[in-house]
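Chemist: compute the structure for the input listed below.
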Amino acid sequence: MSNVNSALKRAKLLEYIFRAVLGFSALFIGIILPIIILIILYKEASLAIDKFGVINFITSTDWDPVAGKFGGLAPLVGTLIATLLATLIAAPISMGIAIFLTELSPNKLKPIFSTAIELLAAIPSIIYGMWGLFVVAPLFGEKVEPWLQDKLGSVPVIGKLFEGSPTGIDVLTTSLVLAIMIIPFMSSVVKDAFNMVPPIMKESAYALGATKWEVIKQVMIPITASGIAGGLILSVGRALGETMAVTFLAGNVNQIPKSLLDPFTTITVALANQFTEADTDIYLSSLYFLALILFIMSFVILYLSKLMLLQSEKKWKV
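Modeler: As a prediction, this is how the structure comes out:
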């Protein structure tokens, strides 16, 4: 009997230690580590914050290391433009993939298609960047962008988007490659949202005479709207932090792009290309300031996406 009691005590002790370790790990990774990163970024960026101020820094296009004048508007706008365009391209494709995998694909082919899509997420970003630089950029610079200029250049308003010299190293190519990179994440979240739809709701719609497309349009999409939005925002957070692929394709020109064919820069591109060149304290501090802005943007976006996904799961969980 004593052996049994001692064994139970050891088991409870091991369980307590295991739970304590897991709890501390979750607390450290989820709360303590982000706070430490935030404090370090703020401390390193404090020199630039004191000199330029937050509002002046994010509204200024100056970036002159020689004169010691820095502003983050150009990389900030470039980050937002590339992310927005990539999301607009990826969203309808991801929706179509999710609909196909959940409602249209034969059961035998679903694992194959799902694995093929998920494999896109496993490809390193530098491979996407090299593929974009050596394959997509020349194709767009020589064929696609001149054709777009010829067909759409004379159209009012829209033509302004295709002004400039078609080189393939620009906003359009970067956004396209970035969209391909985030499609697996977005389609996976949307597919999971569709799978949370209670089967009885779809069966009821079919019993009332609805077609498959009517069920998708009038039942599945409205029910999972918040989950779809959460996946969309989650993919935006993924696109915001992309570095290597964008570095290959953006052109690293510190300007606000006026058309889809202009080279530009983003926060991650500026950090990747200029950290080793920062030879003054204010230069290095300004780069940390950009990193702090990106960290806050990513944190807010990911928090909103997680909140929306949790609300969707709680609302329709059965």
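Chemist: just the strands in this structure please.
Modeler: 63-64, 69-70 (DSSP state E).
Chemist: any chance of those in a markdown table, with mean pLDDT, distance to Val21 and mean neighbour count too?
Modeler: Quick note: C-beta positions are derived from backbone N, CA and C, even for glycine. A markdown table is the format used below for the strands of the chain (pLDDT from 0 to 100; distance: least, C-beta to C-beta, whole Å; neighbours: other C-beta atoms under 10 Å):
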| stretch | mean pLDDT | distance to Val21 | mean neighbour count |
| --- | --- | --- | --- |
| strand 63-64 | 88 | 46 | 15 |
| strand 69-70 | 89 | 44 | 18 |
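Chemist: how about Gly132, nearest residue that isn't a chain neighbour?
Modeler: Distances taken as C-beta to C-beta, 6 or more residues apart in numbering place Val177 nearest to Gly132, at 4.1 Å, with adjacent residues excluded.
Chemist: pretty sure the one you found is touching Met130, no?
Modeler: No. With contact defined as C-beta atoms under 8 Å, Val177 does not reach Met130; the gap is 10.5 Å.
Chemist: so which of those two has more stuff around it?
Modeler: The neighbour comparison of Val177 against Met130 (other C-beta atoms under 10 Å) goes to Val177, with 25 against 14.
Chemist: can you pull the contacts of that one?
Modeler: 128-129, 131-132, 136, 245, 249 (C-beta atoms under 8 Å, 6 or more residues apart in numbering).
Chemist: what is the mean pLDDT for stretch 203-220?
Modeler: Throughout stretch 203-220, pLDDT has a mean value of 84.
Chemist: quote the end-to-end distance of that stretch.
Modeler: Terminal residues of stretch 203-220 are spaced 12 Å apart (C-alpha to C-alpha, to the nearest Å).
Chemist: got the residue ranges for the helices in the stretch 151-300 of the chain?
Modeler: 171-195, 199-207, 212-215, 221-223, 225-240, 244-250, 267-274, 281-316 (DSSP state H, counting those that start in this stretch).
Chemist: next, count neighbours for Val144.
Modeler: 16.
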